[in-house]
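Trainee: fold the stuff below for me.
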Amino acid sequence: KGYIGAANIDTNSRLCMASSVAGHRRAFGTDTVPGTYEDLEEADLIVLVGSNLAWCHPVLHQRILAARKARGTRIVVIDPRRTASCDGADMHLALKAGTDAALFNGLLCAIHEAGAFDTDFLRNVTGLDAALSAAQRDRDSVTGLSQAQLAAFYRLWIGTRKVVTVYSQGVNQSSSGSDKVNAILNCHLATGRIGAPGSGPFSITGQPNAMGGREVGGLANMLACHLDIENADHRAAVHEFWDSPRMADAPGLKAVDLFRAAGDGRIKALWIIHTNPAVTMPEADAVTKAIADCDFVVVSDITAATDTARLADVLLPAAAWAEKEGTVTNSDRTISRQRAALPAPGEARPDWEILAEVGRRMGWREAFDYACPAEIFREHAALSGLAGALGRDFDISAKASLSDSEYMAMTPFRWPASATRNGGRFFADGRF
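Mentor: Numbering: from 1, shown residues only. Next comes the predicted model:
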């Protein structure tokens with residue numbers, strides 16, 4: 001998900017190494033099986049960090065267990081708790097909560113002390129000395145693990161060329177998540193274990209189609225197709241493409257801040273679609289009160305029985321997952337057609353129909369005059385061509401001319417898919 005770009009210095013002054021190649025050029029390597037990604041099957045060591053894969057990603061967990069049975073893949077679980085994922089693991093490191101960054105900073109130091117840096121790969125990387133210096137100030141003494149446990153983990157990681165480090169919400173959503181991810185990435189960068197079959201850092205999300213949500217601009221600081229809301233050239237491209245009279249030029253509020261703004265009256269209306277923030281957000285009691293006190297709350301969902309739906313002024317019956325047509329994107333960038341398996345009950349409608357109808361009622365009849373998901377997909381693919389021309393990796397413009405019937409029959413493909421690029425593996429030669 002994304003790439004290592006300019007150096008990041010976070011609030012705890014841990015520094016992430018960065019590529020020095022101008023323009024963040026993309027590079028593609030060759031997979032063992034053309035057109036497929038089987039890194040979990042090809043890895044000799046899989047490290048799970050902040051992830052109870054057995055419960056939260058059971059399909060991936062079964063793939064890992066099958067690989068272990070077939071070829072002896074080693075599994076390490078790094079988690080303060082003993083979870084179901086530990087049952088099939090070779091090693092469980094029950095570190096002190098919140099010390100993942102210190103653990104991987106210790107690993108970076110151990111890599112250095114073992115003379116295991118990949119000097120050829122590191123010619124493409126800047127910031128190594130600063131990152132190593134920061135890591136040495138914050139190594140393994142605070143993890144709560146014994147020296148024997150640390151030494152065993154470090155030997156295993158350093159001594160295994162094909163390593164996939166899988167991290168999830170226990171890392172990504174922590175208060176020091178940037179530190180933790182930086183520390184993990186640094187170990188892979190230092191050893192050149194990125195972009196190669198059976199090797200690399202792998203962020204797995206907590207929601208299905210999270211990648212697809214990013215592609216269409218589903219974050220407060222993004223435009224569609226991975227374009228930046230604060231970049232004037234990107235805004236101009238989207239403005240012209242959509243013929244939009246006005247566009248935001250600064251990021252909106254992210255989820256936590258959004259509900260705080262609703263709570264203090266800065267936000268007067270909320271439209272909450274297929275999520276239950278009264279339960280799932282941090283400070284849930286404050287979020288519940290913010291929703292209850294907001295002037296106008298609309299909820300689109302498949303049930304009226306959630307804690308959030310009970311607070312709605314207007315409840316819109318929406319089609320459920322198996323009742324909708326569209327596309328989803330996996331974490332390996334594979335876009336797949338989703339086909340409805342069931343008819344939508346009663347007055348339930350797909351989300352695109354609900355949103356388009358509201359857009360038309362607001363006076364934008366031509367802009368929201370969609371008749372089917374294929375039309376929306378074609379527009380999305382065409383816009384992605386502009387993103388590709390602006391240097392973005394997400395470019396599926398080769399799909400912009402699909403007919404309705406071709407869209408309905410579309411088989412899974414991996415982006416980018418343009419006139420000049422087709423799938424491929426990022427970072428394979430160390431250029432980012």
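Trainee: the residue lying closest to Gly206 once chain neighbours are set aside: neighbouring residues, count only.
Mentor: Spatial nearest neighbour of Gly206, excluding adjacent residues (C-beta to C-beta, 6 or more residues apart in numbering): Gln169 at 4.6 Å. Where C-beta positions appear, they are placed from N, C-alpha and C, glycine not excepted. Gln169 has 17 neighbours, counted by other C-beta atoms under 10 Å.
Trainee: just to check, Gln169 is in contact with Gly50?
Mentor: Yes - assessed by C-beta atoms under 8 Å, Gln169 is found in contact with Gly50 at 6.6 Å.
Trainee: what comes into contact with the helix or strand harbouring Val76?
Mentor: If you go by DSSP states H and E, Val76 is part of strand 74-78. With contact meaning C-beta atoms under 8 Å, 6 or more residues apart in numbering, strand 74-78 is reached by 44-50, 64, 68, 83, 85-86, 88-93, 95, 100, 103, 153, 156, 160.
Trainee: which among those end up buried?
Mentor: Buried residues within the contacts of strand 74-78, counting neighbours by 16 or more other C-beta atoms under 10 Å: 44-50, 64, 68, 83, 85-86, 89, 91-93, 95, 100, 103, 153, 156, 160.
Trainee: strands of the stretch 251-400 of the chain, residue ranges please.
Mentor: Counting by DSSP state E, counting those that start in this stretch, one finds strands in the stretch 251-400 of the chain at the ranges 269-273, 296-301, 314-317, 326-329, 334-338.
Trainee: mind listing what Ser85 touches?
Mentor: Counting by C-beta under 8 Å, 6+ apart, Ser85 touches Leu48, Ser51, Asn52, Leu53, Ala54, Trp55, His61, Val77, Asp79.
Trainee: hmm, 10 Å instead?
Mentor: 48, 51-57, 61, 64, 75, 77, 79, 92, 166 (C-beta atoms under 10 Å, 6 or more residues apart in numbering).
Trainee: Pro343 now?
Mentor: Pro343 sits next to Ala319, Ala322, Glu323 when contact means C-beta under 10 Å, 6+ apart.
Trainee: ranking those residues by neighbours, who comes first?
Mentor: Going by other C-beta under 10 Å, Ala319 tops the contacts of Pro343 with 22 neighbours.
Trainee: my read is that that one contacts Ala341, right?
Mentor: No - applying C-beta atoms under 10 Å, one finds Ala319 not in contact with Ala341, separated by 11.4 Å.
Trainee: before we move on, back to that, and of the strands of the stretch 251-400 of the chain, who's closest to Pro208?
Mentor: Minimum separation from Pro208 across the strands of the stretch 251-400 of the chain (C-beta to C-beta) falls at strand 326-329, 6.7 Å.
Trainee: can you put the contacts of Pro343 in a markdown table and add pLDDT?
Mentor: Shown next, in a markdown table, are those (pLDDT from 0 to 100):
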| residue | pLDDT |
| --- | --- |
| Ala319 | 97 |
| Ala322 | 94 |
| Glu323 | 97 |
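Trainee: so which of those residues is the closest to Gln147?
Mentor: Using C-beta to C-beta, those come closest to Gln147 at Ala322, 51.7 Å.
Trainee: surely the closest one touches Pro345?
Mentor: No - the criterion here is C-beta under 10 Å, and Ala322 misses it with Pro345 at 11.4 Å.
Trainee: who touches both of these two?
Mentor: The contact sets of Ala322 and Pro345 do not overlap (C-beta under 10 Å, 6+ apart).
Trainee: and the contacts of the helix or strand hosting Arg235?
Mentor: Assigned by DSSP H and E, Arg235 falls within helix 232-242. Residues outside helix 232-242 that contact it (C-beta under 10 Å, 6+ apart): 217, 222-229, 231, 244-249, 367, 379, 382-383, 385-387, 389-392.
Trainee: among those, which lie within helices?
Mentor: Counted as lying in helices by DSSP state H, out of those, are Glu379, Ala382, Leu383, Gly385, Leu386, Ala387, Ala389.
Trainee: closest to Thr191 among those residues?
Mentor: Ala387 (32.1 Å).
Trainee: ok, the closest one - contacts?
Mentor: Residues in contact with Ala387 (C-beta under 10 Å, 6+ apart) are 215, 223-227, 234, 237-238, 393-397, 416.
Trainee: tell me the two of those that are most distant?
Mentor: The widest separation within the contacts of Ala387 (C-beta to C-beta) is 18.7 Å, between Val238 and Pro416.
Trainee: and the closest residue in space to Lys268 that isn't next to it in sequence, what is it in contact with?
Mentor: In space, and not counting its chain neighbours, Lys268 is closest to Asp295: 4.6 Å by C-beta to C-beta, 6+ apart. Contact analysis of Asp295 by C-beta under 10 Å, 6+ apart lists Ala262, Gly265, Ile267, Lys268, Ala269, Leu270, Asp313.
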